[in-house]
Structure formats: structure tokens, C-alpha cells
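> I would like the atomic coordinates for the input below:
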Amino acid sequence: KNSVSVGTWQIFLSRMVKYLFLLAFVLSTVHGQSEEEVVKDLALAYVHPLTDLPPPHPKVSTSYIYPEFPDKKFVSGEVVKVLLGFHNGADEPLNVTTIMASLNAPHDFSLHIQNFTGIGYNRVVLPTQQASFMYMFGPDPNLDPREYLVAVTVFYSDLSNKNYSSTFFNGTAELVEPSSNVDTRTFFVYCLLSAAGILVVYVANKAFLSVKKNAGRKASKMERGTSDGQDAVNNDWIPDHVKLVEQKQKESFRKRQMGSDSNLSS
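Modelled structure (predicted):
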């Protein structure tokens, strides 16, 4: 039966923690320790399963595949599924108990950024047989999109309860943002740039029209001033007797002109 018992491992750990705290409380009462000292001692005594791994079985081979993320680009906030292929090449059955994983800093594998919950299986794989196990984990959506080191380990034991472990994936994976967020952000940036471009064109066009309009007004004023200066001749400086002589000459010229015209007509 290829089923995943997620709650078995968590229930076991929670009960163990309760028993440890109860035992520590009893011992602290006897030895006169404070509660803070007890908690500190328990924290120092607890060792994470991924910290001190048992060795792998020499007759066990493993393979893996990320069915939804074959390129190892995990989407932030989405569950990652990894399929383990477990081959028992030993002469005795092996009991696959748990699979756990961790997300580590790319520059220092010993720096654990996120430890994922272990999933219990308790499935026996007979000699020369192969079995598959699906493990799921979810990277924290608050983590920065970048590359991380991911380690996924399977724990198993033989008939004598000797423990083994095999890290079937230990490599680099990239955490990326969801495509919808990227598309929304890109669309917003495009809209912002378009609005800025339209605003710049509007301001430049308005400034150009204003400069053109002011230049037209200045040119119109200059033309009107020049025309008025040419048509309006000031004759106040000419003496009156000179004006009278000029007027008589114009009348005499006009009469001679009229007489010349009448002779030509006759």
C-alpha cells in the first residue's frame, strides 16, 4: 500500500516533546532547577534528524524526479512534490520510515534556512524490490526569490533496527515568484512608463505651442508699428506759405491736365 501517513511522525514527535518536558519538570523539582534552565538543557540536548545522519546502506540505490518542476525552479508559495525511487539490493527487507528535507544557504550548506516537516511511511521493501514514495514540502513564501541548496533524505532500517539514511537529492534549486505576480508587476511598470511618456509629450507640446504663439504676437506688433510709421507722415514742420504755394501748384497742374484732356477729346 503506497500511502503517506503525515500525522504519524508529527504525533510521535509531539508526544516525545511532552514526555521530555514532563520528565524535565520532575527532575528540576528534585534538583532545584529553574524552568529556564530546564528549557535551555532540552534545547541543547535536542539534535535534529538532519544534523547527524546515519550512513546509507551499501546495497540501496535511489533515484528522484520532480514531476511538476523538472527544471528545479520552485514557485514560491506552492507545494513541491518529489518522487523517490527506492531499490533494495540487500538480502533482507528494509523498512522505509521517514523522508525529510531542508532548504540551506547557497554559500553554506550547514546554514539551514528552513527545515521541512518529515513524513512517515513505515513501508517495508523486500529484497531486490523497488518502491516509489511521494514527498511534499512547501518553501516559505516570504523567502527571497533566488537559488538555494535543497537536501531531501530518506530514513530506513533493517530487521535488527539498525538505522540508515540516503540523501537522494542534494543540489541547487531556484525559488521563483508566481507567474501571475510577475505579469501583474510587468503590466504595472508598462502602464507607469506609458503614462510618464504621455505626460512628457503633453508638456512638450504645450510648451512648443506657447512659444510659437508668443512669437506670432511679437511679429504682428512689429508689422503694425512699421506700417503706421510709413502712412502717418508728420507735416507740421512745413511753413504755411510753403504749403500755400504747393497747394496752388497742385491746382494749376490739375487745371492744365483737365485742359489737355478736353483738347484731346475734341
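> can you pull the poorly scored residue ranges out of the stretch 51-200 of the chain?
180-188, 190 (pLDDT under 70).
> how about the strands in it?
Applying DSSP state E, counting those that start in this stretch to the stretch 51-200 of the chain gives strands spanning 60-65, 73-75, 80-88, 94-105, 108-125, 130-137, 147-157, 163-176.
> hmm, who's touching the first one?
Right, the one you point to is strand 60-65. Residues from elsewhere that reach strand 60-65, judged by C-beta atoms under 8 Å, 6 or more residues apart in numbering: 82-90, 94, 152, 154, 156, 164, 166, 168-169. Quick note: C-beta positions are derived from backbone N, CA and C, even for glycine.
> flag every buried residue along it.
Val60, Thr62, Tyr64 (16 or more other C-beta atoms under 10 Å).
> just give me the closest of those to Gln257.
Using C-beta to C-beta, Tyr64 is the member of the buried residues of strand 60-65 that lies nearest Gln257, at 122.3 Å.
> tally of neighbours for Phe253?
10 (other C-beta atoms under 10 Å).
> quick one: it from Val60, how far?
Counting by C-beta to C-beta, to the nearest Å, the separation of Phe253 from Val60 is 136 Å.
> that older thread, would you list the strands of the stretch 51-200 of the chain in TSV and tack on distance to Leu50?
Converted to TSV, the strands of the stretch 51-200 of the chain look like this (distance: least, C-beta to C-beta, whole Å):
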stretch	distance to Leu50
strand 60-65	16
strand 73-75	19
strand 80-88	15
strand 94-105	5
strand 108-125	7
strand 130-137	12
strand 147-157	6
strand 163-176	9
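> got the CA coordinates for stretch 194-201 in CSV?
This file holds the C-alpha atoms of stretch 194-201, laid out as CSV (Å, rounded to 0.1, in the frame of the first residue of the first chain):
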residue,chain,number,x,y,z
SER,A,194,3.3,54.8,-20.8
ALA,A,195,1.7,57.4,-18.5
ALA,A,196,5.1,59.1,-18.0
GLY,A,197,5.7,59.2,-21.7
ILE,A,198,2.3,60.7,-22.5
LEU,A,199,2.8,63.3,-19.8
VAL,A,200,6.2,64.3,-21.2
VAL,A,201,4.7,64.6,-24.8
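> quick one: contacts for Lys213?
Applying C-beta under 8 Å, 6+ apart, no residues contact Lys213.
> helix, strand or coil for it?
helix (DSSP: H, G, I helix; E, B strand; the rest coil).
> switch to numbering from 501
Done: numbering now begins at 501, and the last item shifts to Lys713.
> distance of it from Lys662?
94 Å.
> ok, Asp644 next?
41 Å.
> of the two, which one has the most company?
Taking other C-beta under 10 Å, Asp644 and Lys662 do not tie; Lys662 has more neighbours (11 against 8).
> need the buried residues of strand 560-565 in a markdown table with distance to Thr628, can you?
As requested, the buried residues of strand 560-565 are exported to a markdown table (distance: C-beta to C-beta, whole Å):
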| residue | distance to Thr628 |
| --- | --- |
| Val560 | 12 |
| Thr562 | 15 |
| Tyr564 | 20 |
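> from these, pick the one nearest Val624.
Nearest member of the buried residues of strand 560-565 to Val624, counting by C-beta to C-beta, is Val560, at 13.5 Å.
> Val650: what's it in contact with?
Ala601, Ser602, Leu603, Asn604, Phe669, Asn670, Gly671, Thr672, Ala673.
> with Lys573 instead?
With contact taken as C-beta under 8 Å, 6+ apart, Lys573 is in contact with Ala673, Glu674, Leu675, Val676.
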